[in-house]
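Colleague: Coordinates for the following, if possible.
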Amino acid sequence: MILQVYNLLKSLKYLESFARFIFSAPAGLTMFSKSSFTPNAGFLIIPPLLKRKLFLVKSAHLLCMALMLAPVSALQAAEKSPAALQQEALAERDNLLATEPLWSKRISVSLDKRFVKLQSVQMDDLLYSVDWRGVIYAIETMSGDTVWQHDVGAIVSGGLSLDSGLLLLGTSEGELIALQPTDGTEVWRSQLSSEILSAPLVADGHVVVHSNDGYVYGLSAQNGEQLWAYQYKVPALTLRGTSVPIYAMGLVLVGLGNGKVVALDLQSGVVRWLQTVAVPRGRSELQRMVDIDATPVRVGSIIYVVSYQGRVAALDIGTGRVVWIREFSSYSGMAADSESLYLSDSEGKVSAINQATGATLWTQGKLSGLKLTQPVISKGTLIVAADDGYLYWLDTESGELFSRTAVKELAARLQGLEWDLWNDYDHSALPDFYDEDIGINVAPQPLSDGSLLVLDNQGYLTRFRH
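Modeller: The predicted structure is shown next:
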């Protein structure tokens, strides 16, 4: 269609050229009024009707060229993937919030291929971090220097937890290991039934751990002796991960892989209540997945829980009564302030929900398609990290996305490199790290001094201020 229009209007351009030849003077085509016309001047008046036709010819020719060029621009845009177009749009938010990298060090490798979320913990002026290959690090918070390191001789899949003088972690072989935080000396080691994928809970002389085969164990914090066990039926297909138990009002609260929440007595393991949050739907096992992998969030006498492909709910801690419940899908976790609950869903959207009613306050969809971590609140702003290697800052009141920073950039700036000149550097002289795609699947961690700690999928631990 466009080619036919072009051929037609091209013939009109020939008409324009012919008219210029017939009605032109040596100095070019010039318009005069009748009063200024002199027969011997070598110029000819163009009748108004013909003048109008020539104007239309010129306009039609310009329109034709625009129509011919438009598909080219559209084709160029179509050649870019949706992810590339999304990154171009998000790039407008690059570094609108000032950040200051403080230190970065590599403690692990290939976390994206292990599908584990290993959190660091802080006590006083020390950070404790773990490599999935089994090495525990004690790191000075301010300098990033290693104080001590200890190899537990096992593949680490869950942790870390620090409480009551114990540093705790779980292994892929189902071992729960307790260490001294002063030097990494092993205190005790207990063999459980299956892989441990979440951090243990320490409360009132007990250690509670959720294993991958549907058991919740209560052990003595003193020697690791098993005191009680609760078992539930795990669906045939679940996400890789388990919910971290929390402790409130004498109860251990655990989100389960079958879409339910159980409250267990800490001392005895007796079930105090069991509440269904999400009901499996669909024909296939994939459609029926309703795992509660996100750690429940407590605010006063209410806990908030969310499931994958299911619902988010507010439950009374004492009785398990449903305060409100609504559709939602998330596996990464939640954050809360005094009034709102913040969630990143399985589609890459971030939402704020009213804690009292469950009503949506806002939803930010510009990150759709990215795999987001649990949101965290730091200095009054909401922060999420994503599998594209960026940290994103959102306004808690409106959900406005107002800045983003690449974790790769933070590390580069520590090497004295200017990010704006990144493409001008000789990359062959830089560590391989800088040419790798770096994602983040562990939520950023606010530290006691207001700085943030982030662990990327290449195993680099970076501390920075914002």
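
Colleague: so what does the helix or strand that contains residue 412 touch, helix or strand wise?
Modeller: Using DSSP states H and E, residue 412 sits within helix 407-414. If you count contacts as 3 or more CB pairs under 8 Å, 6 or more residues apart in numbering; DSSP states H and E, helix 407-414 packs onto strand 100-106, strand 460-465. For glycine as for every other residue, the C-beta is placed from the backbone atoms N, C-alpha and C.

Colleague: Not counting stretch 144-157 itself, show me its contacts.
Modeller: Stretch 144-157 is contacted from outside by 102-105, 114, 116, 118, 126, 130-140, 169-173, 175, 177, 179, 183-186, 195-197, 463, using CB atoms under 8 Å, 6 or more residues apart in numbering.

Colleague: Restricted to strands, list these.
Modeller: Among those, DSSP state E puts 102-105, 126, 130, 135-140, 169-171, 175, 177, 179, 186, 463 in strands.

Colleague: Just the buried ones from those?
Modeller: By neighbour count, with 16 or more other CB atoms under 10 Å, the ones in strands among the contacts of stretch 144-157 hold 102-105, 126, 130, 135-139, 169-171, 175, 177, 179, 463 as buried.

Colleague: circling back to that earlier point, for the helices and strands packed on helix 407-414, give me CSV that also has distance to residue 267.
Modeller: Converted to CSV, the helices and strands packed on helix 407-414 look like this (distance: least, CB to CB, whole Å):
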stretch, distance to residue 267
strand 100-106, 42
strand 460-465, 37
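
Colleague: In terms of residue numbering, what are the domains of this protein?
Modeller: 2-79, 116-239 (automatic domain parsing).

Colleague: which of the ones you listed has the lowest average pLDDT?
Modeller: Mean pLDDT is lowest for domain 2-79 out of those, coming in at a mean of 46.

Colleague: residue contacts, the residue nearest the centre of the chain?
Modeller: Nearest to the centroid of the C-alpha atoms of the chain, with distances taken as CA atoms, centre = their mean, sits residue 372, at 2.2 Å. Contacts for residue 372 (CB under 8 Å, 6+ apart) come out as 332, 344, 348, 350, 384, 385, 386.

Colleague: same thing with residue 339?
Modeller: Counting by CB under 8 Å, 6+ apart, residue 339 makes contact with 354, 355, 356.

Colleague: one step back: got a ChimeraX select line for the buried ones in the contacts of residue 372?
Modeller: Selection of the buried residues among the contacts of residue 372 in ChimeraX, burial being defined by 16+ other CB under 10 Å:
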select :332,344,348,350,384,385,386
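
Colleague: Just give me the neighbour total for the nearest residue to residue 282 once chain neighbours are set aside.
Modeller: In space, and not counting its chain neighbours, residue 282 is closest to residue 288: 5.2 Å by CB to CB, 6 or more residues apart in numbering. Neighbour count for residue 288, taken as other CB atoms under 10 Å: 16.

Colleague: which residues does residue 288 contact?
Modeller: Contact analysis of residue 288 by CB under 8 Å, 6+ apart lists 235, 237, 280, 281, 282.

Colleague: Under a three-state scheme, what state does the fourth one occupy?
Modeller: Put simply, residue 281 is coil when judged by DSSP: H, G, I helix; E, B strand; the rest coil.

Colleague: residue contacts, it?
Modeller: By CB under 8 Å, 6+ apart, the contact list for residue 281 reads 287, 288, 309.

Colleague: change it to 10 Å
Modeller: Taking CB atoms under 10 Å, 6 or more residues apart in numbering, we find residue 281 in contact with 287, 288, 290, 309, 310.

Colleague: what's the closest non-adjacent residue to residue 87?
Modeller: Of all residues not flanking residue 87 in the chain, residue 388 sits nearest, at 7.1 Å (CB to CB, 6+ apart).

Colleague: And the pLDDT at that neighbour?
Modeller: Residue 388 carries a pLDDT value of 90.

Colleague: any idea how far residue 184 is from residue 133?
Modeller: Going from residue 184 to residue 133 by CB to CB, to the nearest Å gives 15 Å.

Colleague: Now do the helix or strand containing residue 274, average pLDDT.
Modeller: Here residue 274 sits within strand 271-276, counting by DSSP H and E. Averaging pLDDT along strand 271-276 yields 96.

Colleague: Could you do stretch 245-258 as well?
Modeller: Averaged across stretch 245-258, pLDDT comes to 95.

Colleague: got the end-to-end distance for that stretch?
Modeller: Stretch 245-258 has an end-to-end distance of 15 Å (CA to CA, to the nearest Å).

Colleague: List the buried residues for that stretch?
Modeller: Under 16+ other CB under 10 Å, the buried positions of stretch 245-258 are 245, 246, 247, 248, 251, 252, 253, 254, 255, 256, 257, 258.

Colleague: who has more neighbours, residue 184 and residue 133?
Modeller: Counting neighbours by other CB under 10 Å for residue 184 and for residue 133 shows that residue 184 has the greater number, 19 against 16.

Colleague: for the more buried one, phi and psi?
Modeller: Recorded main-chain torsions at residue 184 are phi 90, psi 10, according to degrees, to the nearest 10.

Colleague: Against residue 375, how distant is it?
Modeller: For residue 184, the distance to residue 375 (CB to CB) stands at 32 Å.

Colleague: re the thing from before, could you dump the helices and strands packed on helix 407-414 into a markdown table and include distance to residue 91 and mean pLDDT?
Modeller: Output for the helices and strands packed on helix 407-414, formatted as a markdown table (distance: least, CB to CB, whole Å; pLDDT from 0 to 100):
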| stretch | distance to residue 91 | mean pLDDT |
| --- | --- | --- |
| strand 100-106 | 20 | 92 |
| strand 460-465 | 20 | 93 |
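
Colleague: With respect to residue 367, which of those lies nearest?
Modeller: Nearest of the helices and strands packed on helix 407-414 to residue 367, taken as CB to CB: strand 460-465 at 20.4 Å.

Colleague: can you give me the angle that closest one makes with strand 100-106?
Modeller: Using axes from the mean of the first three to the mean of the last three CA atoms, to 10 degrees, the inter-axis angle of strand 460-465 relative to strand 100-106 is 160 degrees.

Colleague: the inter-axis angle of strand 460-465 versus helix 407-414?
Modeller: When the same axes, to 10 degrees is applied, the directions of strand 460-465 and helix 407-414 differ by 70 degrees.

Colleague: And the helices in this structure?
Modeller: 2-22, 48-78, 82-90, 407-414 (DSSP state H).

Colleague: Distance from the chain centre to stretch 241-257, please.
Modeller: A distance of 24 Å separates the centroid of the chain from that of stretch 241-257, by CA atoms, centre = their mean, to the nearest Å.

Colleague: Then stretch 194-210?
Modeller: Here the centre of stretch 194-210 is set off from its chain's centre by 26 Å, with CA atoms, centre = their mean.

Colleague: Check stretch 187-200 too.
Modeller: Taking the mean of its C-alpha atoms, stretch 187-200 sits 28 Å from the chain's own mean (CA atoms, centre = their mean).

Colleague: Tell me the bridge partners for the residue nearest to the centre of the chain.
Modeller: Residue 372 forms beta bridges with residue 386, as assigned by DSSP bridges.

Colleague: cool, the one 4 residues further on as well?
Modeller: Following DSSP bridges, residue 376 is listed with bridge partners residue 383.
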